[in-house]
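Asks: Generate a structure from the sequence data that follows.
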Amino acid sequence: MALKSVIMAGGLGTRLRPLTYDYPKSLMPVDGRPSIFYLLNSLSKVSDQFIITTSYMYEKLLYRLTHEHIFDGFNFLFSIEKKPLGTFGGIKKIQEFLDSTFIVGNADTVFDFSVEEIVDFHNKNKNTITIALTEVENPSEYGVVKLENGLITEFQEKPKHNPISNIANTGLYIMEPDVLDYFEPGEVVDIAKDLIPKIKADKKRIGGILTKGTWIDIGRPLDLIKANLHIAKTWKSKELNNSRDAFYHGEVKIDPSANIKNSYLYDNVEVGKNCSIENSLILNDTKLDDDCKIYNSIVGFESEVMSGSEIYDSVIGSKVIFKGNLRNSINSRRVEDI
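Replies: Prediction:
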């Protein structure tokens, strides 16, 4: 029996600002598609109904999901929160539609592990909640757990010191409907901070399964770049000629003297003479003039980087004209003096 899936797509995307001033995080491009597409595609192996809980810039999300052909065939129900209710408060709001085992996922994650395996594990072990887990290099960026014989015995949220493990919560859950009885409608409730402790206190089974495969949370600039490159390689997207692991979507105009590697360029991007681009993302309708250097950075939509500019470990916003040097920073909406 196919399960219903709840897709949480209401986050503000603060770590991706200024890009998310113009688009919600779930619509950030990954290999030419909105990031939410990849979660839907993965869950479609076991699910045929998708309930989207959303708040921030919900109009743009609804329009894309109902007008783009790549979403044809998906059955959507939308739950709009005028006031954000938290990760679990939004699920409580749609309780009447969740009368059997259901899946919960974050719209801003890209993964290639088997959801079928996680559902089977959940059912066989008769868990109340099962959490998909993955090993990470830096536990301080994630909620981590202690796992013993398939059960989660301890949780720790983004530990700065002495992490209990390097096993992180991927934000993908299988839940039984009785979890919806723990809180009242309208409460602002979080899954990790509020629901899990209640389940744990009642001594109900909270299972964890260590997944095999790639998992990327696109909520940070470097991870959005990483997701674009991972999907481009996996899905065998178009590569730039004479470049190393450099991909593009749509039509681009690149001067032959430019050096581009480990990067992704979007439609109608222009790159001038002697530019150097490495581990970066250049979004639609953006122009890089001659002699620019872009490293570990994202340049937003419809922007221009003037000749000789250098950008390192930074994010340039959309519709910006930039000239100068930028390191470890963001450039929001201002137009630099030129």
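Asks: quick one: low-confidence ranges for this protein?
Replies: Within the chain, the stretches falling below the threshold (pLDDT under 70) are 1, 242-243, 330-338.
Asks: mind giving me the domain ranges of it?
Replies: Structural domains annotated on the chain: 3-217, 238-331, as defined by automatic domain parsing.
Asks: With mean neighbour count and distance to A227 added, can I get those in TSV?
Replies: From N, CA and C alone the C-beta is placed, and that goes for glycine too. As requested, the domains of the chain are arranged in TSV below (neighbours: other C-beta atoms under 10 Å; distance: least, C-beta to C-beta, whole Å):
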stretch	mean neighbour count	distance to A227
domain 3-217	18	5
domain 238-331	19	10
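Asks: Tell me which of these sits nearest to I231.
Replies: Comparing those against I231 with C-beta to C-beta, the closest turns out to be domain 3-217 (4.1 Å).
Asks: Can you give me the end-to-end span of the closest one?
Replies: Chord length of domain 3-217, first to last residue, is 23 Å (C-alpha to C-alpha, to the nearest Å).
Asks: Between the two ends of stretch 72-92, how far is it?
Replies: For stretch 72-92, by C-alpha to C-alpha, the gap between its terminal residues amounts to 27 Å.
Asks: hmm, back to that, including distance to A232, could the domains of the chain go into a markdown table?
Replies: Formatted as a markdown table, the entries for those read as follows, by distance: least, C-beta to C-beta, whole Å:
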| stretch | distance to A232 |
| --- | --- |
| domain 3-217 | 5 |
| domain 238-331 | 4 |
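Asks: between the ones you listed, which gets nearest to D223?
Replies: Closest to D223 of those is domain 3-217 (C-beta to C-beta; 5.6 Å).
Asks: Contacts only, for P185.
Replies: K92, K93, Q95 (C-beta atoms under 8 Å, 6 or more residues apart in numbering).
Asks: Give me the distance between the last one and G89.
Replies: Spelled out, that is Q95. Q95 is 11 Å from G89, where distance means C-beta to C-beta, to the nearest Å.
Asks: and after the strand or helix carrying I52, which helix or strand comes next?
Replies: Element membership of I52, judged by DSSP states H and E, is strand 47-54. Scanning forward in sequence from strand 47-54, with DSSP H and E defining helices and strands, the next element found is helix 58-67.
Asks: Let's have the contacts of P185 in a markdown table, adding secondary structure and distance to L229.
Replies: Compiled in a markdown table, the contacts of P185 are given as follows (DSSP: H, G, I helix; E, B strand; the rest coil; distance: C-beta to C-beta, whole Å):
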| residue | secondary structure | distance to L229 |
| --- | --- | --- |
| K92 | helix | 37 |
| K93 | coil | 36 |
| Q95 | helix | 39 |
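Asks: closest to V46 among the residues you listed?
Replies: Checking the contacts of P185 against V46 by C-beta to C-beta gives Q95 as the nearest, at 21.1 Å.
Asks: Isn't that closest one up against Y182?
Replies: No - with contact defined as C-beta atoms under 8 Å, Q95 does not reach Y182; the gap is 10.9 Å.
Asks: what's the overlap in contacts for the two?
Replies: With C-beta under 8 Å, 6+ apart, Q95 and Y182 have no common neighbours.
Asks: And for the longest helix anywhere in the chain, what's in contact with it?
Replies: Secondary structure of the chain per DSSP state H: the longest helix is helix 221-234. Around helix 221-234, the neighbours that count as contacts under C-beta under 8 Å, 6+ apart are 15-16, 28-31, 35, 38, 110, 112, 214, 216-218, 237, 245, 247, 262-264, 279-281, 296-298, 315.
Asks: Among those, which lie within strands?
Replies: 29-30, 110, 216-217, 245, 247, 262-264, 281, 298, 315 (DSSP state E).
Asks: Turn the residues you listed into a markdown table, columns for distance to C275.
Replies: Output for the ones in strands among the contacts of helix 221-234, formatted as a markdown table (distance: C-beta to C-beta, whole Å):
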| residue | distance to C275 |
| --- | --- |
| P29 | 21 |
| V30 | 24 |
| V110 | 28 |
| I216 | 27 |
| D217 | 30 |
| D245 | 17 |
| F247 | 16 |
| N262 | 15 |
| S263 | 11 |
| Y264 | 15 |
| L281 | 15 |
| I298 | 16 |
| V315 | 18 |
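Asks: Understood, closing this out.
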